[in-house]
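Q: Kindly generate the corresponding structure for this input.
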Amino acid sequence: MSDSPSAMSDSPSATSDSLSGLFSRSARRHPDRPALSVAGATLTYRELARTAERLAAHLGPLPPGARVGLLASRSPLAYAGYLAVLSAGATVVPLNPIFPARRNAAIAARAGLRTVLTDTALRDLMRESAVPLALATADGTPSGHGTPAAPPVPGPAAPPPAGEAPAYILFTSGSTGVPKGLPIAHGNVLPYIAHQVERYEVAPGDRLSQTFDLTFDPSVFDMFVTWAAGATLVVPQREDLADPAAFARTHRLTHWFSVPSVVSLAARLRRLPAGCLPDLRWGLFAGEQLTLKQAAAWHRAAPQAVIENLYGPTELTVTCTAYRLPADPADWPSTRNASVPIGHRLPHLEHVVLDGTGRPAAEGELCVRGVQRFAGYLDPENNAGRFLDWEPGDAVARVHDTHDAPAPRLWYRTGDRVVAEDGVLTHLGRLDAQVQVHGYRVELGEVEAALAAHPGVEDAAVLFDGTDLRALYVGASVPVAELAGWVAGRLPAYMVPGRFQRVDRFPLNDNGKLDRKKLETLAC
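A: A predicted model of the protein is given here:
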């Protein structure tokens with residue numbers, strides 16, 4: 001195998017229209033610059049390229065459209081494994097080691113994974129061990145864990161045109177209790193990466209944080225904005241996030257990107273003193289609403305840093321709007337919900353705000369289309385109702401109510417309520433039962449479905465108070481620890497309610513549906 005950092009570029013997939021091509025180009029230009037700093041180790045672009053090449057070689061020739069899972073923690077091999085799958089021309093499906101085995105098994109089956117790279121398998125491969133890569137059994141269940149999952153979804157039979165091949169598939173919370181798969185193509189993400197490199201002035205010598213799990217799509221920003229520019233990706237461990245200022249200062253970060261709740265946690269622990277980050281240039285936040293209070297705390301800690309609030313659902317490829325706060329807090333805007341505006345859409349996209357009747361309005365649902373809009377869900381049944389057909393001059397938008405793949409001209413319905421004032425968008429909340437919990441997108445219906453599956457629970461409802469999930473249920477009196485453990489065995493930790501409350505019955509509205517407003521009055 002070649003020792004040259006350009007070897008990855010020999011793969012048919014490692015071209016200018018692929019994410020692996022972005023990394024390969026930087027590896028050729030900056031072979032001796034640091035590409036990755038994680039878990040006490042620093043790898044140059046040459047070293048990371050060689051490691052990825054070895055792993056890709058072990059994967060061997062893969063059929064068109066192959067999907068490979070990556071179940072790995074924050075380690076050098078996790079990032080090399082990500083690059084290896086891409087350079088092999090396959091699609092990465094990140095799995096989270098802290099998720100319950102049952103959930104990872106369900107995702108593996110629904111994605112139709114060919115194989116799963118794990119921490120153990122990655123280490124064994126780097127020792128050139130003969131340990132097999134496959135984690136999932138034929139029915140999609142990881143060995144020794146859980147119960148058989150749903151039948152795999154078959155991959156495509158022929159390679160899609162350049163740029164349309166999925167780079168990665170992420171699974172978000174599903175309202176039916178089943179995670180939804182979202183394929184994001186290279187052609188969706190490459191224009192985004194190019195724009196962000198320029199917007200945030202990323203260059204060799206810069207050091208960017210990587211705070212997001214690989215199952216959370218801002219991690220794509222972290223990795224490929226960094227590597228496209230020849231900069232260094234610096235990865236904190238989970239415990240480091242309680243003290244972001246110390247981590248950023250110790251590792252000489254130029255760019256910080258995280259969910260806003262990291263700021264709140266650090267402030268509560270008194271680990272964000274004034275002026276503690278004098279050299280940080282950028283403070284970027286996404287995944288949940290950034291409040292003006294949080295922004296002010298970060299500004300006091302990093303007075304020279306530009307603060308931006310980024311917004312976007314996974315379906316629109318990481319983020320699709322941004323708002324840059326003025327340097328002087330005296331010039332900051334005042335919003336009705338005390339949040340930082342989400343700002344303006346990116347220049348290569350289009351957006352429209354529609355009211356409840358499907359007509360353009362200053363306040364209503366944000367709908368977006370353009371190159372970053374994904375091509376539809378892995379399960380086509382999820383497409384119905386999520387897209388709109390509307391053109392300027394049309395009186396009313398028409399709902400795309402079939403399972404067919406949405407045409408590029410259709411608008412994705414974000415389900416987010418916004419108001420446009422002087423051309424600036426402010427996020428006002430969700431139109432449905434989907435919420436953001438510590439930056440993660442959660443369908444309340446999925447949590448309700450998990451809780452309702454308990455033998456002692458007849459019915460379940462979950463509320464969100466802006467910070468925590470609260471569960472109410474009808475049925476037998478069950479210890480809180482038992483209910484929490486039941487849900488924790490089926491869902492990620494961030495989806496486990498912080499409180500459980502038994503009620504005699506749920507209030508219903510005139511249509512016989514659950515009356516959530518009345519339900520809120522019952523919650524302690």
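Q: When you work out contacts or count neighbours from here on, use the C-alpha atoms and nothing else.
A: OK.
Q: Any chance of the backbone angles for Trp227?
A: The phi/psi pair for Trp227 (degrees, to the nearest 10) reads phi -70, psi -30.
Q: Now Ala72: closest residue in space that isn't a chain neighbour?
A: Excluding the flanking residues, the one nearest Ala72 by C-alpha to C-alpha, 6 or more residues apart in numbering is Asp119, at 4.9 Å.
Q: With only the CA atoms kept, save stretch 45-58 in CSV.
A: C-alpha atoms of stretch 45-58 as CSV (Å, rounded to 0.1, in the frame of the first residue of the first chain):
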residue,chain,number,x,y,z
TYR,A,45,-3.0,14.7,7.4
ARG,A,46,-0.5,12.1,6.2
GLU,A,47,-1.0,9.9,9.2
LEU,A,48,-4.8,10.1,9.2
ALA,A,49,-4.8,9.4,5.4
ARG,A,50,-2.7,6.3,5.9
THR,A,51,-4.8,5.0,8.7
ALA,A,52,-8.0,5.6,6.7
GLU,A,53,-6.4,3.9,3.7
ARG,A,54,-5.6,0.7,5.7
LEU,A,55,-9.1,0.6,7.0
ALA,A,56,-10.6,1.1,3.6
ALA,A,57,-8.5,-1.7,2.2
HIS,A,58,-9.9,-4.1,4.8
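Q: Please report how far the residue nearest to Ala72 lies from Pro360.
A: Asp119 sits 50 Å away from Pro360, going by C-alpha to C-alpha, to the nearest Å.
Q: before we move on, what about Asp17?
A: For Asp17 relative to Pro360 (C-alpha to C-alpha), the value is 35 Å.
Q: what does Ala450 give?
A: According to C-alpha to C-alpha, Ala450 stands 38 Å off from Pro360.
Q: how close does Arg270 sit to Phe247?
A: For Arg270, the distance to Phe247 - C-alpha to C-alpha - is 15 Å.
Q: Name the helix or strand for Gln196, please.
A: Per DSSP states H and E: Gln196 is located in helix 186-199.
Q: what comes into contact with that helix?
A: By C-alpha atoms under 8 Å, 6 or more residues apart in numbering, the residues outside helix 186-199 that reach it are 17-19, 162-167, 203, 221, 224-226, 228-229, 317, 371-374.
Q: Would you mind giving me the ChimeraX syntax to select the buried ones in those?
A: Only the buried entries of the contacts of helix 186-199 go into this ChimeraX selection, using 16 or more other C-alpha atoms under 10 Å:
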select :17,18,19,163,164,165,166,167,203,221,224,225,226,228,229,317,371,372,373,374
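Q: Looking at the contacts of helix 186-199, which are in strands?
A: Pro166, Ala167 (DSSP state E).
Q: circling back: and Arg270 and Phe247? which has more neighbours close in?
A: Comparing Arg270 with Phe247 by neighbour count (other C-alpha atoms under 10 Å), the higher total belongs to Phe247, at 18 against 10.
Q: Distance check, the more buried one against Ser209.
A: For Phe247, the distance to Ser209 equals 9 Å [C-alpha to C-alpha].
Q: now the strands for the stretch 251-400 of the chain?
A: Assigned by DSSP state E, counting those that start in this stretch, the stretch 251-400 of the chain shows strands spanning 255-258, 282-285, 306-311, 321-324, 344-345, 349-354, 363-370, 387-389, 398-400.
Q: For those, give me TSV that also has distance to Arg502 and mean neighbour count.
A: Shown next, in TSV, are these (distance: least, C-alpha to C-alpha, whole Å; neighbours: other C-alpha atoms under 10 Å):
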stretch	distance to Arg502	mean neighbour count
strand 255-258	36	24
strand 282-285	37	22
strand 306-311	36	24
strand 321-324	41	20
strand 344-345	44	20
strand 349-354	39	18
strand 363-370	34	22
strand 387-389	38	22
strand 398-400	39	17
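Q: quick one: which of the contacts of helix 186-199 sit in helices?
A: Leu19, Phe221, Phe224, Val225, Thr226, Ala228 (DSSP state H).
Q: in terms of contact, does the last one touch Ala27 like I think?
A: No: taking contacts as C-alpha atoms under 8 Å, Ala228 lies outside contact range of Ala27: 9.5 Å.
Q: domain ranges for this structure?
A: Per automatic domain parsing, the structural domains of the chain span 7-186, 236-340, 348-432, 437-522.
Q: doesn't Arg470 make contact with Arg502?
A: No: using C-alpha under 8 Å, Arg502 is not in contact with Arg470, being 11.1 Å away.
Q: what's the burial count for His58?
A: 17.
Q: repeat for the one 3 residues further on
A: The number of residues packed near Pro61 is 12, by other C-alpha under 10 Å.
Q: now do Pro507
A: 15.
Q: Please name the spatially closest residue to it (chain neighbours excluded).
A: Asp515 (5.6 Å).
Q: gap between that neighbour and Gly475?
A: Here the criterion is C-alpha to C-alpha. By it, Asp515 lies 18 Å from Gly475.
Q: what do you get for Val318?
A: Val318 is 40 Å from Gly475, by C-alpha to C-alpha.
Q: Neighbour count: these two, which is higher?
A: Between Val318 and Gly475, counted using other C-alpha under 10 Å, Val318 has the larger neighbour count: 25 against 17.
Q: contacting residues for that one?
A: Asp217, Pro218, Val220, Phe221, Tyr311, Gly312.
Q: now, which of these sits nearest Pro333?
A: Proximity of the contacts of Val318 to Pro333 (C-alpha to C-alpha) peaks at Tyr311, which lies at 17.2 Å.
Q: Pull the contacting residues for the closest one.
A: Ala286, Gly287, Val318, Thr319, Cys320, Thr321, Ala322, Ile342.
Q: which non-adjacent residue is nearest the second one?
A: Leaving out its chain neighbours, the residue that sits closest to Gly287 by C-alpha to C-alpha, 6+ apart is Gly439, at 4.2 Å.
Q: One more: the fourth one?
A: Once its chain neighbours are removed from consideration, Thr319 has its nearest residue in Gly312; the separation is 3.9 Å (C-alpha to C-alpha, 6+ apart).
Q: What segments of the stretch 401-524 of the chain are helices?
A: All helices of the stretch 401-524 of the chain, identified by DSSP state H, counting those that start in this stretch, fall at 444-452, 480-488, 516-522.
Q: residues making contact with the last one?
A: Contacts of helix 516-522 from elsewhere in the structure, counted by C-alpha under 8 Å, 6+ apart, are Leu463, Phe506, Pro507.
Q: No more questions from me, cheers.
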